[in-house]
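Colleague: pasting the sequence and the predicted model now:
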Amino acid sequence: MLVVGFPVGQLQANCYVLAPHEGGECVVVDPGQDAVETAREQLDNHGLTPVGVLLTHGHFDHVFSAGELCESYGIPAWVHPADRYMLSDPGAALGPEGRQLFDGVSVKVPGDLRELSGDTVLNLAGMEFDVRPAPGHTGGSVLFGTTTEEGGRLLLTGDTLFAGAIGRTDLPGGDHERMLETLRGEILPRPDETAVLPGHGTTTTIGRERAGNPFLRGLGTSDDAAN
C-alpha cells in the first residue's frame with residue numbers, strides 16, 4: 001500500500017493520500033488549509049486519481065481545502081453528521097475568540113457531502129475502510145481503519161490520538177468523558193502492531209502509545225471496566 005503524509009496549514013495538520021499502489025485510484029484524508037497544491041503534486045508524482053475525501057472530523061485545519069479538492073476532481077467527501085456544520089461555519093467549533101478568525105472568510109463546501117453514521121465500511125479505490133465513531137475531540141470524530149496487502153493494520157486517528165498525547169476536549173463539541181470512553185473502547189483494544197497515522201505530529205503504534213502515552217496508561221479497556 002502507498003501512504004503519503006504531509007503537514008499543511010498554520011497548525012500543521014497531517015493530510016494523507018492512500019492507495020493500493022502507484023498509478024491507480026486513491027483517497028485523500030483530511031485536506032486542511034493550503035492542502036490543494038501539495039495534494040496535487042503528490043497525486044501527479046505517483047500517477048494517482050482521487051475517488052473520495054475522508055474527513056476524521058470537522059475542524060478547519062483538517063477540512064478547509066476539502067471543497068476545492070472535491071470540486072477539482074469531481075469527487076465526494078465523507079464526514080460524520082455531528083461535524084457537518086463545521087464545514088460551512090468553521091469558526092463555530094472554536095469559541096467566540098476563535099470565531100473572529102473567520103469573519104468574512106468564504107469557505108467552499110464539497111458539493112457531494114456524504115454522511116458517516118454509526119459503524120460503517122467504505123470500499124474506495126480498492127481499499128476497505130472500517131469507520132468507527134470516536135467522539136471526544138468533537139462530537140463527530142471518527143477513526144478510519146484499513147489493512148495493507150501484507151496484512152499490516154493502519155489507523156487514521158485524526159485528533160483523537162497522537163504520539164504521546166490525545167486531542168483537546170475543551171472546544172465546543174468536545175467532551176472529556178466521551179474521549180476517555182473512546183480511548184478505552186476503540187483505541188486500547190487494538191493490536192499493538194497497528195500503525196497510527198495521527199492528525200498532527202509523527203506516526204506511532206498502538207503498542208507504543210499503550211506503553212508510553214500518559215493519557216492511556218491506567219485507563220484499562222471497556223471490558224476491564226465491566227469486570
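Modeller: Received, thanks. It should be emphasised that the depicted structure is a prediction, and the values quoted were computed from it without experimental measurement.

Colleague: my read is residue 68 is in a strand, agree?
Modeller: No - with DSSP: H, G, I helix; E, B strand; the rest coil as the criterion, residue 68 is helix rather than part of a strand.

Colleague: ok, it - contacts?
Modeller: Residues near residue 68 by Cβ atoms under 8 Å, 6 or more residues apart in numbering: 36, 108. For every residue, glycine as well, the C-beta is placed using N, CA and C.

Colleague: so which residues make contact with the longest helix anywhere in the chain?
Modeller: What stands out as the longest helix in the chain, according to DSSP state H, is helix 36-45. Residues from elsewhere that reach helix 36-45, judged by Cβ under 8 Å, 6+ apart: 4, 6, 8, 15, 17, 26, 28, 31, 48-50, 65, 68-69, 72.

Colleague: what are the C-alpha coordinates of that helix, in CSV please?
Modeller: C-alpha atoms of helix 36-45 as CSV (Å, rounded to 0.1, in the frame of the first residue of the first chain):
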residue,chain,number,x,y,z
VAL,A,36,-4.6,21.5,-2.6
GLU,A,37,-1.3,22.4,-4.2
THR,A,38,0.7,19.8,-2.3
ALA,A,39,-2.0,17.2,-2.7
ARG,A,40,-2.0,17.7,-6.4
GLU,A,41,1.8,17.4,-6.5
GLN,A,42,1.7,14.1,-4.7
LEU,A,43,-1.1,12.8,-6.9
ASP,A,44,0.8,13.7,-10.0
ASN,A,45,4.1,12.3,-8.7
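
Colleague: any chance you could map the helices in this protein?
Modeller: Using DSSP H, the helices of the chain run over 36-45, 60-63, 66-73, 85-88, 95-99, 176-182, 206-212, 222-226.

Colleague: so which of the ones you listed is the most packed in?
Modeller: Ranked by mean neighbour count, the helices of the chain are led by helix 60-63 with a mean of 27 (mean count of other Cβ atoms under 10 Å).

Colleague: can you name every helix or strand that that helix contacts?
Modeller: Here helix 60-63 touches helix 85-88, going by 3 or more Cβ pairs under 8 Å, 6 or more residues apart in numbering; DSSP states H and E.

Colleague: contacts for the helix it packs on, please.
Modeller: Helix 85-88 is contacted from outside by 58-60, 63, 66-67, 79, 92-93, 107, 109-110, 113, 138, using Cβ under 8 Å, 6+ apart.

Colleague: repeat for stretch 204-222
Modeller: When contacts are defined by Cβ under 8 Å, 6+ apart, stretch 204-222 is touched by residues 155, 161-166, 180-181, 183-185, 187-196, 198.

Colleague: only whichever of those are buried, select them in PyMOL.
Modeller: Listed next is the PyMOL selection for buried residues among the contacts of stretch 204-222, using 16 or more other Cβ atoms under 10 Å:
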select buried, resi 155+161+162+163+166+180+181+183+184+185+187+188+190+194+195+196+198
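
Colleague: related to what we said a few turns ago, which one of the helices of the chain has the lowest average pLDDT?
Modeller: For the helices of the chain, mean pLDDT drops lowest on helix 222-226, to a mean of 46.

Colleague: so who does residue 175 touch?
Modeller: Taking Cβ under 8 Å, 6+ apart as the test, what residue 175 contacts is 135, 136, 139, 169.

Colleague: likewise for residue 116?
Modeller: Shown in contact with residue 116 (Cβ under 8 Å, 6+ apart): 78, 79, 80, 81, 131, 142.
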